[in-house]
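Novice: here's a sequence, model it:
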Amino acid sequence: MTKQTKRIAVITGDHSLPDPTKREGRYHEEDMVTHAAMVAAFGSLPGYDFRVYTEHAGLFERLAAEPPDVVINFCDTGLFNVPTQELHLPARLELMGVPYTGASPAAMVVCYDKAIVRLVAESLGVPVPREAYMAADAPLNDLPDLYPALIKPNTADGSVGITKDSVVRNRREALDYLGWLRATLPGRDALIQEYLPGPEYGVGMIGNPETGLRMLPPLEVDFSGLPAGLNPILSFESKALPDSPYWTEIKFKRAVLPADIENRLAGWTRILFRRLGLRDYGRFDFRVAADGEPKLMEINPNPAWANDGKLAFMAGFAGIDYRDMLRLVLEAAIARVQRAD
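Specialist: Below you'll find the model as predicted:
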């Protein structure tokens, strides 16, 4: 691929199909609004010819008929909106010899498994919560004593399986939530994790280690508007229930951190970015433990690209508007591919 790259395909989720990460399991007006903002932002970039694909049936045939120079992989809920098929799109693109933005299939597989991410992070000296792995068919008579604890699926995206009741404070609450989780997501293994009561931070990265990796100003999730008694977590209600205070009252703001903490977050995210094989952009979520230590919660190898998402907020803190954030992701991929040629 040369520096005259022009033809860009943007692939998103399929708007016509159910999507378990969306409100009521399908696309709504708010999703169309963010999609339109993304299309308009890309369309305003000079020197590129963008084509947007939102229908997955026959997708690869259409790409083969009009091969793009680069695919922008914004299909973050998987082919046909099946989360376990998120890696299928980049895998197929690799077989076709088409470059794309974001994580490789291998990175997606590893990052989708939260227990594996925790083990990798711990091996690199990145602080992580205490945690127990609970297989989907494991008996519930021997639960770890980590109360208060956060219970969540080991594999899931978009806060699926994490509700306002995910924070449990005793065995009875843990059994109730695990029962609900097994009924709602049958066959899904679970994690019982030390609940971290302190602030929650997002750290965004754009670029690549070989061509320049930039950390955006960290974000703090502002739970101060939640009514008393509600657990301060980013639950599924915050993304799927417009009449919930989790949707209306949770805000994002620029994190104000001591220099040593910000430097540690930068170091941890850089080493994780490289070790897990992330590419072009990524987001890392941390939360502070009772002793004041930030601990890694999750890694998002292809984080939400919407103009109201965390990455866009962090770019804004750095004075980067939404259009230029998208441009930087695209240019990071192009520079990476050109370097490999």
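Novice: can you map out the strands along the stretch 51-200 of the chain?
Specialist: 70-74, 131-134, 149-153, 167-168, 190-194, 200-208 (DSSP state E, counting those that start in this stretch).
Novice: turn the ones you listed into CSV, including mean neighbour count, distance to residue 119 and mean pLDDT.
Specialist: To be clear about C-beta, it is placed using only N, CA and C from the backbone, and glycine gets the same treatment. Shown next, in CSV, are those (neighbours: other C-beta atoms under 10 Å; distance: least, C-beta to C-beta, whole Å; pLDDT from 0 to 100):
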stretch, mean neighbour count, distance to residue 119, mean pLDDT
strand 70-74, 23, 26, 98
strand 131-134, 18, 10, 95
strand 149-153, 24, 16, 96
strand 167-168, 22, 23, 97
strand 190-194, 22, 12, 96
strand 200-208, 23, 20, 98
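Novice: surely residue 281 is in a strand?
Specialist: Yes - counting by DSSP: H, G, I helix; E, B strand; the rest coil, residue 281 is part of a strand.
Novice: for residue 220, what are its contacts?
Specialist: Residues in contact with residue 220, defined by C-beta atoms under 8 Å, 6 or more residues apart in numbering, are 199-202, 252-256.
Novice: give me that answer again for 7 Å
Specialist: By C-beta atoms under 7 Å, 6 or more residues apart in numbering, the contact set of residue 220 is 199-201, 253, 255.
Novice: isn't residue 246 right up against residue 233?
Specialist: No - Residue 246 lies out of contact with residue 233 (C-beta atoms under 7 Å); the separation is 8.4 Å.
Novice: read off the pLDDT value for the residue lying farthest from the centre of the chain.
Specialist: Using C-alpha atoms, centre = their mean, the residue of the chain lying farthest from its centre is residue 141. It sits 32.9 Å away. Looking at residue 141, its pLDDT reads 86.
Novice: what segments of the protein are helices?
Specialist: For the chain, the helices defined by DSSP state H occupy 29-43, 59-65, 88-96, 105-112, 114-123, 171-184, 237-240, 245-248, 259-275, 310-317, 322-340.
Novice: could these go into CSV alongside mean neighbour count, mean pLDDT and distance to residue 295?
Specialist: Output for the helices of the chain, formatted as CSV (neighbours: other C-beta atoms under 10 Å; pLDDT from 0 to 100; distance: least, C-beta to C-beta, whole Å):
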stretch, mean neighbour count, mean pLDDT, distance to residue 295
helix 29-43, 15, 96, 30
helix 59-65, 13, 97, 39
helix 88-96, 17, 97, 29
helix 105-112, 18, 95, 17
helix 114-123, 17, 97, 9
helix 171-184, 15, 95, 20
helix 237-240, 20, 90, 21
helix 245-248, 16, 95, 22
helix 259-275, 16, 97, 10
helix 310-317, 22, 98, 18
helix 322-340, 18, 95, 27
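Novice: just to revisit the earlier point, now do the shared contacts for residue 246 and residue 233.
Specialist: In contact with both residue 246 and residue 233: no residue, using C-beta under 7 Å, 6+ apart.
Novice: on that earlier part again, just put the helices of the chain in TSV and tack on distance to residue 210.
Specialist: As requested, the helices of the chain are exported to TSV (distance: least, C-beta to C-beta, whole Å):
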stretch	distance to residue 210
helix 29-43	25
helix 59-65	27
helix 88-96	19
helix 105-112	15
helix 114-123	20
helix 171-184	41
helix 237-240	34
helix 245-248	40
helix 259-275	9
helix 310-317	21
helix 322-340	6
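Novice: next, count neighbours for the spatially closest residue to residue 72 that is not a sequence neighbour.
Specialist: Spatially, and ignoring its direct neighbours in sequence, residue 72 is nearest to residue 10 (4.5 Å; C-beta to C-beta, 6 or more residues apart in numbering). Neighbour count of residue 10, defined by other C-beta atoms under 10 Å: 25.
Novice: got it, and residue 230?
Specialist: 17.
Novice: the residue lying closest to it once chain neighbours are set aside: what's it in contact with?
Specialist: Excluding its sequence neighbours, the residue lying closest to residue 230 (C-beta to C-beta, 6+ apart) is residue 164, at 6.2 Å. By C-beta under 7 Å, 6+ apart, the residues touching residue 164 are 230-231, 235, 237, 246.
Novice: ok, now residue 154?
Specialist: 113-115, 133, 189-191.
Novice: export these to JSON lines and tack on distance to residue 311?
Specialist: Shown next, in JSON lines, are the contacts of residue 154 (distance: C-beta to C-beta, whole Å):
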{"residue": "113", "distance to residue 311": "22"}
{"residue": "114", "distance to residue 311": "20"}
{"residue": "115", "distance to residue 311": "25"}
{"residue": "133", "distance to residue 311": "29"}
{"residue": "189", "distance to residue 311": "28"}
{"residue": "190", "distance to residue 311": "28"}
{"residue": "191", "distance to residue 311": "24"}
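Novice: ok, of those, which one's closest to residue 41?
Specialist: Lowest distance from residue 41 to the contacts of residue 154 (C-beta to C-beta) belongs to residue 114, with 31.1 Å.
Novice: pretty sure that closest one is touching residue 191, no?
Specialist: Yes - at 6.1 Å, residue 114 counts as touching residue 191 under the criterion of C-beta under 7 Å.
Novice: before we move on, back to that, quick one: closest of the strands of the stretch 51-200 of the chain to residue 19.
Specialist: Closest among the strands of the stretch 51-200 of the chain, using C-beta to C-beta: strand 70-74, at 13.5 Å.
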